[in-house]
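**Q** Quick one, structure for this:
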Amino acid sequence: MENVNDGEAAWVLFKRGDVFQGGIPPQSGAVQDRPFLYSSYGTAQELPIFLTGAESAVSFCCTGL
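**A** Predicted structure coming up:
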């Protein structure tokens, strides 16, 4: 994830059944038809698991609302 920047069009794929430490930072794509996409690949039935210590792997924070 260190080589991926917010505002770029990118696909980040996580292998099904694998376990990851930490969360996923929210990102936005370059433009609507070039999105930033998180998805999974592989033949395992289980989705990727993210061990974050929180309820959700992705956290959103809004300021100024």
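
**Q** Span of stretch 14-22 from start to end?
**A** Using Cα to Cα, to the nearest Å, the span of stretch 14-22 from its first residue to its last is 13 Å.

**Q** tell me which residues of it are tucked away?
**A** By neighbour count on 16 or more other Cβ atoms under 10 Å, the buried set for stretch 14-22 is Phe14. Heads up, the C-betas are built off the backbone N, CA and C, glycines and all.

**Q** And the average pLDDT for it is what?
**A** For stretch 14-22, mean pLDDT rounds to 89.

**Q** which other residues reach that stretch?
**A** The set of residues external to stretch 14-22 that reach it, using Cβ atoms under 8 Å, 6 or more residues apart in numbering, is 38-52.

**Q** Could you pull out the strands in the chain for me?
**A** 10-15, 19-21, 36-41, 49-51 (DSSP state E).

**Q** between the first one and strand 36-41, how big is the angle?
**A** An angle of 20 degrees separates the directions of strand 10-15 and strand 36-41 when computed by axes from the mean of the first three to the mean of the last three Cα atoms, to 10 degrees.

**Q** and Gln27, which of the strands of the chain is closest to it?
**A** Gln27 sits nearest to strand 36-41 of all these, at 4.2 Å, using Cβ to Cβ.

**Q** Partner strands of the closest one, with direction?
**A** Strand 36-41 sits in its sheet next to strand 10-15 (parallel), going by DSSP bridges.

**Q** before we move on, back to that, now the strands of the chain as a markdown table including distance to Gln27?
**A** Shown next, in a markdown table, are the strands of the chain (distance: least, Cβ to Cβ, whole Å):
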| stretch | distance to Gln27 |
| --- | --- |
| strand 10-15 | 8 |
| strand 19-21 | 16 |
| strand 36-41 | 4 |
| strand 49-51 | 15 |
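
**Q** Tell me the predicted confidence for Thr63.
**A** Confidence for Thr63, expressed as pLDDT, is 50.

**Q** actually Gly53, sorry about that
**A** Here, the pLDDT recorded for Gly53 equals 75.
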